[in-house]
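Asker: just a sequence and a predicted model for now, questions to come.
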Amino acid sequence: MLQQNILSTKEIHISKIISIHYFESVKDFIYPGGDNNFWEFQYVDKGELTVTVKASQHLVKKGQIVFFKPKASRSIQTCGKKDASIISILFECRSPAIKFFEDKILNISEQERNLLVMIIEEARKCVATPLDNPNIHKMEKRTDDFFGSKQLLRIYLEEFLLYIIRRHITQPYISPLSNINSDSILYNKILRYLESHIREPLTIDEICTDNLISRSQLQKLFQKENQCGIIEFFSQMKIEFAKQLIRENQLNFTQISDYLGYSSIHYFSRQFKKIEGITPSAYAAIFKAPSADL
């Protein structure tokens with residue numbers, strides 16, 4: 001009996017890439033779209049989009065991506081005072097796992113955005129049609145395409161979709177197109193967001209934008225769960241991480257301060273003492289002191 005090769009399994013298989021566009025659009029540009037037999041997504045690299053699906057409007061902001069399933073009736077319009085930069089890809093996929101993306105607006109991680117960059121770069125190596133004209137739907141192949149570029153293009157797109165699904169399996173997704181409203185799911189989602197941005201000096205506005213939550217709802221949620229505001233909670237998370245780094249004794253205080261996104265070693269030291277009651281030096285001395293024999 002032949003043994004099944006587990007490495008041959010494909011949870012997401014792209015059978016065909018129809019079109020790829022990366023274009024700048026002026027304010028109030030209308031991208032009518034319409035019904036088609038392919039999956040499609042629009043990623044907002046700059047600016048904002050207003051998406052209408054089933055007579056319902058949704059705002060897609062910078063760093064977010066919106067998916068449309070085959071035969072979905074929708075229209076897209078840029079909005080705001082600035083132009084928008086958009087990555088648009090139409091593709092064919094019949095894998096059952098692709099249904100994860102139905103009616104979803106998602107935030108994109110840095111790793112996933114890097115894959116989008118690789119997709120665009122690889123498309124330029126095998127597609128002769130200009131990518132910056134969204135009105136051209138038929139993509140012509142380059143006669144001098146780079147070796148393996150078409151295969152890599154499909155692989156990168158599959159990898160991009162796989163990483164999004166994998167990330168949301170452990171980070172429950174709350175769809176802005178649904179009426180789901182679970183505080184516990186939302187709280188856990190934001191916790192994981194804070195953990196993944198522990199090295200950045202986040203603001204409340206950034207947290208709200210990236211997690212599709214209002215400022216008042218965010219503060220109310222963290223007051224309920226932790227009896228403190230979210231910035232105070234995030235500061236505590238940073239200091240807990242700093243304590244771990246101090247115990248590991250691989251970085252000095254300046255390096256730890258830089259690693260965790262503090263503006264200066266002095267500000268880091270003040271925050272540490274404010275939360276822990278002692279300075280980083282005093283905390284480090286505790287672990288460097290010889291232990292007494294029992």
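Answerer: Received the coordinates, thanks.
Asker: CA only for contacts and neighbour counts going forward, please
Answerer: Fine.
Asker: where exactly do the strands run in this protein?
Answerer: Counting by DSSP state E, the chain has strands at residues 14-25, 30-31, 39-46, 48-53, 56-61, 64-68, 74-79, 84-93, 105-107.
Asker: worst average pLDDT in those strands?
Answerer: Averaging pLDDT over each of these singles out strand 30-31 as the lowest, with a mean of 62.
Asker: before we move on, back to that, same list (the strands of the chain) but as TSV, adding mean neighbour count and distance to Leu260.
Answerer: As requested, those are arranged in TSV below (neighbours: other CA atoms under 10 Å; distance: least, CA to CA, whole Å):
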stretch	mean neighbour count	distance to Leu260
strand 14-25	18	34
strand 30-31	15	41
strand 39-46	22	26
strand 48-53	21	30
strand 56-61	17	27
strand 64-68	22	25
strand 74-79	20	35
strand 84-93	21	31
strand 105-107	23	23
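Asker: export the ones you listed to JSON lines and append columns for distance to Lys189.
Answerer: JSON lines is the format used below for the strands of the chain (distance: least, CA to CA, whole Å):
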{"stretch": "strand 14-25", "distance to Lys189": "29"}
{"stretch": "strand 30-31", "distance to Lys189": "32"}
{"stretch": "strand 39-46", "distance to Lys189": "21"}
{"stretch": "strand 48-53", "distance to Lys189": "23"}
{"stretch": "strand 56-61", "distance to Lys189": "19"}
{"stretch": "strand 64-68", "distance to Lys189": "16"}
{"stretch": "strand 74-79", "distance to Lys189": "28"}
{"stretch": "strand 84-93", "distance to Lys189": "26"}
{"stretch": "strand 105-107", "distance to Lys189": "12"}
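Asker: any idea which of those gets closest to Thr129?
Answerer: Taking CA to CA, strand 14-25 is the member of those nearest to Thr129, at 9.5 Å.
Asker: that closest one pairs with which strands?
Answerer: Here strand 14-25 is paired, per DSSP bridges, with strand 84-93 (antiparallel).
Asker: now the partner strand: how far from the chain's centre is it?
Answerer: With CA atoms, centre = their mean, to the nearest Å as the basis, strand 84-93 stands 16 Å off its chain's centre.
Asker: which outside residues touch it?
Answerer: Residues from elsewhere that reach strand 84-93 (CA atoms under 8 Å, 6 or more residues apart in numbering): 12-27, 37-49, 78.
Asker: dump the residue contacts of the residue most central in space within the chain.
Answerer: Centre of the chain computed as the mean C-alpha position; nearest residue by CA atoms, centre = their mean is Ile108, 2.0 Å away. Shown here is Ile108, whose contacts under the criterion CA under 8 Å, 6+ apart are Gly63, Gln64, Ile65, Ile164.
Asker: distance check, it against Ile165.
Answerer: To Ile165, Ile108 is 11 Å away according to CA to CA, to the nearest Å.
Asker: now swap in Tyr43 and tell me
Answerer: Taken as CA to CA, the spacing of Tyr43 relative to Ile165 amounts to 16 Å.
Asker: repeat for Ser196
Answerer: For Ser196, the distance to Ile165 (CA to CA) stands at 17 Å.
Asker: these two: who's more crowded?
Answerer: Neighbours per residue (other CA atoms under 10 Å) separate Ser196 from Ile165, with Ile165 holding more: 18 against 11.
Asker: excluding chain neighbours, what is closest to that one?
Answerer: Spatial nearest neighbour of Ile165, chain neighbours left out: Phe100 (7.3 Å); criterion: CA to CA, 6 or more residues apart in numbering.
Asker: how near is that neighbour to Lys274?
Answerer: Distance, Phe100 to Lys274, by CA to CA: 44 Å.
Asker: contacting residues around Ser19?
Answerer: Contact analysis of Ser19 by CA under 8 Å, 6+ apart lists Ser88, Ile89, Leu90, Phe91, His137, Lys138, Met139.
Asker: try 6 Å this time
Answerer: Residues near Ser19 by CA atoms under 6 Å, 6 or more residues apart in numbering: Ile89, Leu90, Met139.
Asker: and for the last one, nearest residue in space, chain neighbours not counted?
Answerer: What sits nearest to Met139 in space, not counting adjacent residues and going by CA to CA, 6+ apart, is Thr129, at 5.5 Å.
Asker: these two touch, right, the one you found and Glu140?
Answerer: Yes - with contacts defined as CA atoms under 6 Å, Thr129 counts as touching Glu140 at a distance of 5.4 Å.
Asker: neighbour-wise, which of those two wins?
Answerer: Counted by other CA under 10 Å, Thr129 and Glu140 do not tie: Thr129 has more neighbours, with 19 against 12.
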